[in-house]
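Peer 1: let's see this in three dimensions:
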Amino acid sequence: MYVHSTKGDNTTRYPALDQMTDNPFHLWEDHSKNSSTISLASGFLSDEQFYIIFLFIIYASQIINNFTIIANSLCIAVFVKLGFSEPSNISLTALAVCDFTMAVLSTWSNLCFWMTYHNVQLPFHSANVSYLISGVQWAYLSTTVAWITAFISLERCLCILVPLKVRRLITPKGTFIAMLIIILLTFCPSFFTYIRYKFVWEFNPYLNRTILNTTPVNSEFAILFEKISIAIFGVLQPLLAFSIALICTVLLVVQLRKISSWRMSAMSAKSQRVQTEENPAASSSAAEASISKKDERLVRMVVAIAIIFILSYFPTCIILLCYVVFDEFNLFGVYRRLYIVSGLIITAGQPLSGSVNILIYYKMASKFRSVFRRLVRLDRQKQKRHELK
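Peer 2: This is a model prediction of the structure:
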């Protein structure tokens, strides 16, 4: 994995292609000039532990990615058929597109790591190159998902708390603009990473050819810029979105209970009145009860989406904090193995929320369920079975 050049007591390691070595993961071993640091870092994950965890996460992650790609493809198709006259359809479509893209990026990363493990000879360093091509973009896109989820929770929370004021502001056009702003402020800063890291062509003496690799830019400006951008776009933004989603979810749960109590009291009062045809006031009360029931289903759906997101995104917040607090917790640091394993864990766990959203939509949204059944022709198959009987 490395070409060693020794001068006196100093040993310099030059990255070479991992495919030509006995240990394909030598690149991911903890390396430092401090022997005590090496011992500490190596004590966290031995070679055998690292390989087992690595392979397990890779295969588990890809199973989730496959389901996420299929599920969100169907979600996008259903929302397109439903149209975008409702603001919620626009935000949910944006969420599905982001989840789909994250699954594709994660699939590419898994493929690169898999090729690294199996010593596939390529004209580029698969593990390092995938970090800049898909790994960084995936991380920032997860922030985009966080903000879209926070926006959906906030929009539904305001619609329930102050419906008369918010419904004038939250329009399809306004929601579309909000989605563009979220993408601009969360995903586009991912390209700042290329100030700190860059692609380089390096000669590999084992293959006797030049391969594409990545290397950090060690200038003071690049290092300072990376720390500031990571602190703002990688930590503060996700944590703020996470907090907004959490607060709005709590408020929605509280309001949901109030709505349920109101519906029960309204239905109880209705039962003591005259029949609807003879009493117009009773008809109005029934309509209000029906509307509140519809709002309740939508609130339940948003709460379910937010809770699943919060549970799946919490490990990401912890890892981002570790990245900022510990200088050696990065792709080229002493704790490189822990960084890689942690990254693989969140790339496997976080898309889980995107893969189960389709089940929430199908269970709680009648329009979505109806269009979905027509899209996959479930109703037609059910009708054929009925005719055969």
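
Peer 1: contacts only, for the residue nearest the centre of the chain.
Peer 2: When Cα atoms, centre = their mean is applied to the chain, the residue found nearest the centroid is S142 (3.9 Å). Listed by Cβ atoms under 8 Å, 6 or more residues apart in numbering, the contact set of S142 reads M102, P238, Y313, T316, I346, Q350. Heads up, the C-betas are built off the backbone N, CA and C, glycines and all.

Peer 1: repeat that with 10 Å
Peer 2: Neighbouring residues of S142 by Cβ atoms under 10 Å, 6 or more residues apart in numbering: 98-99, 102, 186-187, 234, 238, 312-313, 316, 320, 346-347, 350-351.

Peer 1: give the rounded mean pLDDT of the helix or strand harbouring it.
Peer 2: Under DSSP states H and E, the secondary-structure element containing S142 is helix 136-161. Per-residue confidence for helix 136-161 averages out to 86 on the pLDDT scale.

Peer 1: list the buried residues in it.
Peer 2: Using 16 or more other Cβ atoms under 10 Å as the test for burial, helix 136-161 gives 136-160.

Peer 1: after that helix comes which helix or strand?
Peer 2: Immediately after helix 136-161, counting by DSSP H and E, sits helix 163-169.

Peer 1: number of residues surrounding N218?
Peer 2: Other residues near N218 come to 9 when the count uses other Cβ atoms under 10 Å.

Peer 1: look up how far C159 lies from it.
Peer 2: When Cβ to Cβ, to the nearest Å is the yardstick, N218 and C159 sit 50 Å from each other.

Peer 1: again, but for Y339
Peer 2: Using Cβ to Cβ, one gets 41 Å for the distance from Y339 to C159.

Peer 1: which regions of the stretch 101-250 of the chain sit below the pLDDT cut-off?
Peer 2: For the stretch 101-250 of the chain, no stretch has pLDDT under 70.

Peer 1: tell me where it has strands.
Peer 2: Under the criterion DSSP state E, counting those that start in this stretch, the stretch 101-250 of the chain contains strands at 197-204, 209-216.

Peer 1: put together CSV for those strands, with distance to R369 and mean neighbour count on each row.
Peer 2: What follows is these, written out as CSV (distance: least, Cβ to Cβ, whole Å; neighbours: other Cβ atoms under 10 Å):
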stretch, distance to R369, mean neighbour count
strand 197-204, 45, 15
strand 209-216, 46, 16
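
Peer 1: could those go into CSV alongside distance to S46?
Peer 2: Output for the strands of the stretch 101-250 of the chain, formatted as CSV (distance: least, Cβ to Cβ, whole Å):
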stretch, distance to S46
strand 197-204, 28
strand 209-216, 27
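
Peer 1: quick revisit: how close does the residue nearest to the centre of the chain get to F84?
Peer 2: Between S142 and F84 the distance is 25 Å, computed by Cβ to Cβ.

Peer 1: same for the host helix or strand of Q49, what does it pack against?
Peer 2: When elements are assigned from DSSP H and E, Q49 belongs to helix 47-82. Under the contact definition 3 or more Cβ pairs under 10 Å, 6 or more residues apart in numbering; DSSP states H and E, helix 47-82 sits against helix 87-117, helix 336-349, helix 351-364, helix 366-375.

Peer 1: next, the angle from the third one to helix 136-161.
Peer 2: Interaxial angle of helix 351-364 relative to helix 136-161 (axes from the mean of the first three to the mean of the last three Cα atoms, to 10 degrees): 30 degrees.

Peer 1: if we can go back for a sec, quick one: closest of the helices and strands packed on helix 47-82 to F56.
Peer 2: When the helices and strands packed on helix 47-82 are ranked by distance to F56, counting by Cβ to Cβ, first place goes to helix 336-349 at 9.4 Å.

Peer 1: now the closest one: how far from the chain's centre is it?
Peer 2: When distances are taken as Cα atoms, centre = their mean, to the nearest Å, helix 336-349 is centred 14 Å away from the chain's centroid.

Peer 1: kindly calculate the angle that it makes with helix 47-82.
Peer 2: Orientation check (the same axes, to 10 degrees): helix 336-349 against helix 47-82 gives 30 degrees.

Peer 1: please spell out which residues along helix 336-349 are buried.
Peer 2: Applying a neighbour-count criterion of 16+ other Cβ under 10 Å, the buried positions in helix 336-349 are 336-349.

Peer 1: now that helix: mean pLDDT?
Peer 2: When the per-residue pLDDT values of helix 336-349 are averaged, the result is 74.

Peer 1: angle of it against helix 87-117?
Peer 2: Between the axes of helix 336-349 and helix 87-117, defined by the same axes, to 10 degrees, the angle is 140 degrees.

Peer 1: ok, back up a step: same question for the helix holding Q49, mean pLDDT?
Peer 2: According to the model, helix 47-82 has a mean pLDDT of 87.

Peer 1: now the angle from it to helix 366-375?
Peer 2: Relative orientation of helix 47-82 with respect to helix 366-375: 100 degrees, computed using the same axes, to 10 degrees.

Peer 1: what comes up buried for helix 47-82?
Peer 2: Under the neighbour-count criterion of 16+ other Cβ under 10 Å, helix 47-82 has 50, 53-54, 57-58, 61-62, 64-65, 67-69, 71-72, 74-76, 78-79, 82 buried.

Peer 1: and the closest residue to A241 other than its chain neighbours, how far from L321?
Peer 2: Across the structure, with Cβ to Cβ, 6 or more residues apart in numbering as the measure, the residue nearest A241 apart from its sequence neighbours is A146 (3.9 Å). A146 is 15 Å from L321, where distance means Cβ to Cβ.

Peer 1: Q350 too?
Peer 2: Distance check for Q350 against L321: by Cβ to Cβ, it reads 16 Å.

Peer 1: the two: which is more packed in?
Peer 2: Using other Cβ under 10 Å as the criterion, Q350 and L321 rank with Q350 on top: 25 against 14.
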